[in-house]
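Novice: Structure, please.
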Amino acid sequence: MYRKDLLPPRLIALVTALLTALTGALLAASPASAATIFRAAYSSQYAQGYTSTESPDGCILTSLSAGAGETPERGSTMFYSALSFNRCNGELYYSVYGEAPTDTFSFNKDSVHAVATVPLSDRSQIYLDLTWQGTGPIARGGATSRDILPGQIVQRSAVHGTFQDAVVTGTLSFENASISQTRGSSMLVEIKSP
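Specialist: I've put the predicted structure just below:
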């Protein structure tokens, strides 16, 4: 009596092919690599206003701006800047600026209120109590990127934000104003060989 093969030839061929492919994959695989991953995420809310004027003869330029927003440490600050100069003769009439932590800062979807006493570069100070109220539609935008850097480093970044025109009321008024909000994240992966 002869022994009959228990496995059909097709099944034997399939198992042989799988074992050959698996062996080849194991031989071709690179040694184990370690990876270091750095992640960062941030968000910011910001409101600003500015006015810029020019004299009828085009010589004297004057600008005024103020804004409030969150700092990376999750606190909030307010800034003020004023400048006037004569571009025809180069004379600077005044230039003051300053920044200070806010006494009050509230950010809602389409309104911002900030209060601060800001020390200025000319050793004076200004009290600011400003409210931005959004007007019109909220514009949305964003971007993502993936970069491969030298040294086996991969970086992925994403940022998304909103922007809305606004009107400002309070201790100052401005021709142009806006409210913006940004959220972003970044991940850096460094692959190290053993």
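
Novice: So which elements touch the helix or strand that Ala68 is a member of?
Specialist: Assigned by DSSP states H and E, Ala68 falls within strand 60-70. Applying 3 or more CB pairs under 8 Å, 6 or more residues apart in numbering; DSSP states H and E, one finds that strand 60-70 contacts strand 34-54, strand 76-86, strand 104-108, strand 111-119, strand 125-134. In this view, the C-beta of every residue, glycine as well, is placed from N, C-alpha and C.

Novice: can you list those in CSV and add mean pLDDT, distance to Leu64 and mean neighbour count?
Specialist: Conversion of the helices and strands packed on strand 60-70 to CSV gives the following (pLDDT from 0 to 100; distance: least, CB to CB, whole Å; neighbours: other CB atoms under 10 Å):
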stretch, mean pLDDT, distance to Leu64, mean neighbour count
strand 34-54, 89, 5, 14
strand 76-86, 96, 5, 19
strand 104-108, 92, 21, 15
strand 111-119, 96, 13, 20
strand 125-134, 96, 11, 19
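
Novice: Tell me which of those strands sits nearest to Phe174.
Specialist: Of all the helices and strands packed on strand 60-70, the one in closest proximity to Phe174, counting by CB to CB, is strand 34-54 (3.3 Å).

Novice: Show the pLDDT at Leu61.
Specialist: Per-residue confidence (pLDDT) for Leu61: 96.

Novice: How about the contacts made by it?
Specialist: Counting by CB atoms under 8 Å, 6 or more residues apart in numbering, Leu61 touches 52-55, 83-87.

Novice: and with 7 Å instead?
Specialist: By CB atoms under 7 Å, 6 or more residues apart in numbering, Leu61 lies in contact with 54, 85, 87.

Novice: swap in Gln48?
Specialist: For Gln48, the contacting residues are 65, 67, 177-178, by CB under 7 Å, 6+ apart.

Novice: ok, the residues you listed vs Tyr93, which is closest?
Specialist: Among those, Ser65 lies closest to Tyr93 (CB to CB), at 16.4 Å.
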